[in-house]
Structures are given as structure tokens and as C-alpha cells.
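# sequence? don't have it. structure:
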């Protein structure tokens, strides 16, 4: 892992490949061709042959997958599921909020879950059962009736057993052996085998994210995910080896994942650099990564930089740095204190690891039950309320050139 020491933080732009044209062709192919197109694209991109009747994973295959999980993996999944479920359920509002207005009417705000949602689970170097947990458990806690998982098929066209096992434990309704932009298109439009969904969530490669972007409006999405990010703000007393491990842990997501450590303490940054140089040679999963260690004038400057990045993950380590917690406005998830490693949030803390990246934390939140729920106003105008409101409403309607709107209100007065 390469280390860069500086006094000025650098925002490194990671250019994503322009796949918009290719993705548009894939989406069109799936929209027109249905299952046949999905199968052809799966063979082309995933190098896997899947029989038409095997696009959807058979329930018997799903159930048997739990039995082949390693005991520690099974225990880890159960812990993650329990904690994510507890945090997600605490966020769901079941009781409507009712507002009584002076004209004698009321407006209730009610929340309703979407009926059908999908979680995209990326392929790559390894299976990601944790993404099944983050998406499916949260959707279930939100009240979604039907939860679908799509994951790219592995060798021989089979779904990975640990993905299937996680799907069973998370009460997933359907699982499909489909990956890439073709999976997103199939979920958005529906095919002979795949029924369309209302919302699609989950990370994925640039093809997956571009497909989500192009299909917004046809289907709801959680956001557009880019490379993982971590900013650590550290002050005196922080453990440099733990900081080094946290930086390297996030860098495992790939060489395009930016990681920074910011501190006004030059000796602490030196110690972090030394720890990285000592630890990284024996950790090949981070050999291509790059860490920026930046000396700032003070912690306020470090926080200003972090707020400018609006990182996916922000850690505050050391007593003075931890005191900044209430001032943080823009971060996907905030980790406070030496024990709060970002990796806990990726797996078992109970927070969600599907987070905004690329500065989107300025305006976007983590995946939560709200992603799968919509708010709806219920308006009741009993008794004299229509008469009390009609004059004001009719005047505004006529000012906008809608006389029948005005008449509709006045007839109720």
C-alpha cells in the first residue's frame, strides 16, 4: 500500500468508464427480448450457461444451502441479521401523524411499504452475503411483502451457496441467477420469468450503476454507488496501528477506493505511515491501494475537508477528534471512538453498509426502511371545513387559470 504524506489534502477524481451507450443497448435488448435476452447476456458477460428454467433458484436448492454453511459463517450471519433488523425496525413509523388544522379539517401522514423490492448482490472476487443482509433484512423490516435477490451466476451457472444461505436466513422470496445491467433491466421491466419490482437497491459495478441511473422513473433506486471511501480524523491518543488497519481495510475494496487520515499531529501521522509500511507487505489484498496522510492546521480544518468530501465512512479517533461528532453533517456513516472500526459497520454493528459515495452524503442517506416506504397524505374535510377553505382555494385556482378547480371547491361550500 502506497502512502502519501502532505500538508494539503487532495481530492482524487476516479474516472469511471463511460458505459452509458453499452448499457442502453443491454436495457433495450432485455426490454424487447425478455428471458432469451437475459440468458444470452448472462452467457456473454458472466461466461455462464443457465437453463431457462433455472433463472430462478429452486426453493429446494435454497433450503439446502443453509446446511453447507460453515458454522462460524452461519453464526456471523445470524448476528448481522439480528442487529440490522433491530436497528431497521426502530426506524419504522407505524402510527400515522395527524395534523388538525384551524378550518376544522385534518391531514394524516401515513407510511406504506412498496409491495415488491429487489436487492442486487454483486459478484466479483468473492460472494457478498453481507449485502443480502443489509438489503433484505431492511426491506423486510420496512414491511415489503416480496423481496427479490439477483446475483451473478458463478462457475457452471450456479449461485454461490453462501448467497443462497443468506437469502434463506433473511426470508428472501425469490432468487435469480442474473447479474450486470441485464439484471437491473429484467427487474425494472419484468420478463417471462422475472416479475418487475418497485424498488432496486444494492451496490455493483459501473454497468449496474449506469443501468440503475437510466431506469430511474421506471423503478425506484437507492442511489448510484461508486468506490468505497474512508476519512479518518485523528487526534492525540489515537492508536496508529488501528488507524492503519482501518485504512487498509477499506482499501481492500479496490485501488480506486480513496482513504485519508487527517490530523494536526505530525508525529501521529508519522506513526500511521510507519504502521502501514510495516503491515501492508503481508496483506496482499491492499497492495495496489493508496492512502493520503494529511497534516492539517487544526481539527477544525480537518473537519472542513471531511465535510467537503462528504465521505461514505468517517471515523473520529482520539478524545479531541471524537468531540467533533455533533458537528458532523455530511457523512454516509459516522464511527466515533477507537473501538468503532468501519469494518463493524460493514458487517455486524447493525447500521447499513449500503451508503452514499462520491459526495452524495451531502443530500442522500444510507439504505434504510425509508428507502422501501412512501409517505401519503390522507385528507379529510368534514362539516364546515370545505366552506372555510373554498374562498381561499378558489381565488388561487382562478389566478392560475383553473376555473373548474375553483368551482369544484365552491360547490362544496
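Cool, the structure landed. Keep in mind that what you see is a predicted model, and the values were worked out from it rather than measured. Residues are numbered from 1 along each chain as shown.
# check contacts around the residue nearest the centre of the chain.
With distances taken as C-alpha atoms, centre = their mean, the residue of the chain nearest its centroid is residue 354 (2.6 Å). By C-beta atoms under 8 Å, 6 or more residues apart in numbering, the contact set of residue 354 is 131, 134, 135, 201, 202, 203, 222, 225, 366, 367. Yep, even glycine has a C-beta here, placed from its N, CA and C like the rest.
# rerun that using 6 Å as the cut-off
Counting by C-beta atoms under 6 Å, 6 or more residues apart in numbering, residue 354 makes contact with 134, 367.
# next one: residue 139
So residue 139 contacts 117, 147, 372 (C-beta under 6 Å, 6+ apart).
# Could you tell me which of these are located in strands?
Secondary structure from DSSP state E places 117, 147 of the contacts of residue 139 in strands.
# returning to that earlier point: so how far is residue 314 from the residue nearest to the centre of the chain?
Shown here: residue 354 relative to residue 314, a distance of 16 Å by C-beta to C-beta, to the nearest Å.
# ok, back up a step: now render the contacts of residue 139 as CSV, adding neighbour count and distance to residue 232.
Converted to CSV, the contacts of residue 139 look like this (neighbours: other C-beta atoms under 10 Å; distance: C-beta to C-beta, whole Å):
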residue, neighbour count, distance to residue 232
117, 29, 34
147, 26, 35
372, 29, 32
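# from the contacts of residue 139, which is closest to residue 297?
Comparing the contacts of residue 139 against residue 297 with C-beta to C-beta places residue 372 closest, at 43.5 Å.
# I figured the closest one was touching residue 143, is that so?
No - between residue 372 and residue 143 there is no contact under C-beta atoms under 6 Å: 7.5 Å.
# Between those two, which contacts overlap?
Common contacts of residue 372 and residue 143, defined by C-beta under 6 Å, 6+ apart, comprise residue 113.
# Which of the helices or strands spans residue 119?
strand 116-120 (DSSP states H and E).
# So what touches whichever helix or strand comes after that strand?
Next in sequence after strand 116-120, counting helices and strands by DSSP H and E, comes helix 129-132. Judged by C-beta under 6 Å, 6+ apart, the contacts made with helix 129-132 from elsewhere in the structure are 121, 162, 163, 166, 167, 170, 202, 347.
# where exactly do the helices run in the stretch 301-413 of the chain?
Taking DSSP state H, counting those that start in this stretch as the criterion, the stretch 301-413 of the chain carries its helices at 319-322, 342-347, 385-399, 403-410.
# Within the helices and strands, which one has residue 182?
With DSSP H and E as the criterion, the answer for residue 182 is helix 180-189.
# for this protein, longest helix please?
Longest helix in the chain by number of residues, with DSSP state H as the criterion: helix 71-90.
# Give me the distance from it to the chain's centre.
Its chain's C-alpha centre and that of helix 71-90 lie 17 Å apart, by C-alpha atoms, centre = their mean, to the nearest Å.
# which residues are contacting it?
Contacting residues not belonging to helix 71-90 are listed as 133, 137, 138, 141, 166, 169, 347, 348, 350, 369 [C-beta under 6 Å, 6+ apart].
# got a list of what the last one touches?
The one in question is residue 369. Taking C-beta under 6 Å, 6+ apart as the contact definition, residue 369 lies against 88, 91, 92, 141, 142.
# one more time with 7 Å
88, 91, 92, 138, 141, 142 (C-beta atoms under 7 Å, 6 or more residues apart in numbering).
# which among those residues end up buried?
Neighbour-count burial (16 or more other C-beta atoms under 10 Å) is assigned, among these, to 88, 92, 138, 141, 142.
# Tell me the spacing between the closest residue to residue 393 other than its chain neighbours and residue 391.
Distances taken as C-beta to C-beta, 6 or more residues apart in numbering put residue 409 closest to residue 393, at 4.5 Å, once the chain neighbours are dropped. Here the criterion is C-beta to C-beta. By it, residue 409 lies 9 Å from residue 391.
# of those two, who's got more company?
residue 409 (21 against 12; other C-beta atoms under 10 Å).
# Could you find the closest non-adjacent residue to residue 123?
In this structure, residue 123 finds its nearest non-sequential neighbour in residue 152, 3.7 Å apart by C-beta to C-beta, 6+ apart.
# List the contacts of the nearest residue to residue 100 once chain neighbours are set aside.
The shortest distance from residue 100 to any residue that is not its chain neighbour, by C-beta to C-beta, 6+ apart, is 5.2 Å, and that residue is residue 106. Going by C-beta under 7 Å, 6+ apart, residue 106 touches 98, 99, 100, 380.
# ok, residue 106 to residue 80 distance?
Distance of residue 106 to residue 80, computed by C-beta to C-beta: 42 Å.
# Check residue 379 too.
When C-beta to C-beta is applied, the distance between residue 379 and residue 80 equals 41 Å.
# Closest one of the contacts of residue 139 to residue 62?
Lowest distance from residue 62 to these (C-beta to C-beta) belongs to residue 147, with 12.8 Å.
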